[in-house]
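Visitor: quick one: sequence plus predicted model below, questions after.
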Amino acid sequence: MPFQPTFAAELNQLAGTQVEVAFDNTITEGVISFANGGVLGLVQMTGGYTPTNQVTFIATTAIDFVRLLNV
């Protein structure tokens, strides 16, 4: 079984889970929104006086690791 479809399917099952994702030289934290078509949608909460949600799109081929938080 090919790795990429299996990885995306596993990430998609974790939708709504808070994770830490490492890619390139970046580690980012957020909640998985979706994983489909080779893309991971990660919702990040930005701080400040007016907190907002920001969606980051990450190619699944660029992901080095995913760490589950609060599981």
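Guide: Received the coordinates, thanks.

Visitor: where does the chain have low pLDDT?
Guide: Low-confidence segments of the chain, defined by pLDDT under 70: 1, 71.

Visitor: the strands in this structure, which residues?
Guide: Here the chain has its strands, by DSSP state E, at 18-23, 26-36, 39-46, 52-59, 63-68.

Visitor: let me see the contact set for residue 19.
Guide: The contact partners of residue 19, taken as C-beta atoms under 8 Å, 6 or more residues apart in numbering, are 29-32, 42, 66-69. Any C-beta I mention is one placed from the backbone N, CA and C, and that applies to glycine too.

Visitor: if we use 7 Å, what do you get?
Guide: By C-beta atoms under 7 Å, 6 or more residues apart in numbering, the contact set of residue 19 is 30, 32, 66-69.

Visitor: and of these, the nearest to residue 2?
Guide: Nearest to residue 2 out of these is residue 66 (C-beta to C-beta; 17.9 Å).

Visitor: right, and that closest one touches residue 21 too?
Guide: Yes: counting by C-beta atoms under 7 Å, residue 66 does reach residue 21; the two are 5.4 Å apart.

Visitor: any chance of a markdown table for the contacts of residue 19, columns neighbour count and distance to residue 14?
Guide: Converted to a markdown table, these look like this (neighbours: other C-beta atoms under 10 Å; distance: C-beta to C-beta, whole Å):
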| residue | neighbour count | distance to residue 14 |
| --- | --- | --- |
| 30 | 21 | 12 |
| 32 | 21 | 5 |
| 66 | 21 | 8 |
| 67 | 12 | 11 |
| 68 | 11 | 7 |
| 69 | 11 | 11 |
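
Visitor: between those, which is nearest residue 6?
Guide: So of these, ranked by how close each gets to residue 6 (C-beta to C-beta), first place is residue 66, at 13.3 Å.

Visitor: OK, contacts around the closest one?
Guide: 19, 21.

Visitor: the residue of the chain most remote from its centre and residue 64: what is the separation?
Guide: Distance from the centre of the chain peaks at residue 49, with 24.8 Å (C-alpha atoms, centre = their mean). Relative to residue 64, residue 49 is positioned 33 Å away (C-beta to C-beta, to the nearest Å).
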